[in-house]
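Asker: Please work out how this folds:
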Amino acid sequence: MNELQKIAGELEHFAVERDWNQFHSPKNLSMALAVEAAELMQEFQWLTDEESRALAPEKKSKVKEELADVFNYLVRIADKLDIDLIGASHDKIVINGIKYPVDKAKGNAKKYTEL
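Answerer: Purely as a prediction, here's the structure:
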C-alpha cells in the first residue's frame with residue numbers, strides 16, 4: 001500500500017465514522033474541492049508575485065491547511081471513482097508534453113492552441 005492509498009483509507013475511515021459517505025458523491029466532492037481551491041486563492045488575493053513567493057509563517061501555515069483541504073478532496077474524488085491519481089498525473093504529464101513541446105512552449109505562457 002502506497003502513501004496515497006493510506007491517505008485515501010484514512011479519509012474513508014474519517015467519513016465512515018461521521019456517516020458522511022451519504023454526502024460524498026463525486027458531484028458534491030468536486031464542489032467542495034472548488035470551494036477549497038477558492039479559499040486557497042483567497043490567501044494570495046492582492047499579494048504581489050514577490051509577496052506570494054515569500055509568505056510570512058502565519059500565512060504559509062494557512063496556505064498549507066488550504067492545500068491539504070484541496071488535496072484531501074482530490075484524493076477523495078479519485079477514490080470514489082476508482083481513479084489512480086498518481087497514474088493519471090503521470091499520463092497527464094505525457095499529454096501535456098505533447099501539447100506543449102519545448103521548442104514551442106519554452107519561455108511563454110500561451111495556451112497550446114496558440115503555439
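
Asker: going forward, measure contacts and count neighbours with C-alpha atoms only.
Answerer: Will do.

Asker: show me the residues around Asp84 that make contact.
Answerer: Applying Cα atoms under 8 Å, 6 or more residues apart in numbering, we find Asp84 in contact with Ala78.

Asker: nearest spatial neighbour of Leu81, skipping sequence neighbours?
Answerer: Pro26 (7.4 Å; Cα to Cα, 6 or more residues apart in numbering).

Asker: Can you give me the pLDDT of the one you found?
Answerer: pLDDT for Pro26: 98.

Asker: what do you get for Thr113?
Answerer: 88.

Asker: got the phi/psi numbers for it?
Answerer: phi -70, psi -10 (degrees, to the nearest 10).

Asker: next one: Glu36
Answerer: phi -70, psi -40.

Asker: Same question for His24.
Answerer: According to degrees, to the nearest 10, His24 has phi -90, psi 60.

Asker: ok, now how distant is it from Lys59?
Answerer: According to Cα to Cα, to the nearest Å, His24 stands 29 Å off from Lys59.
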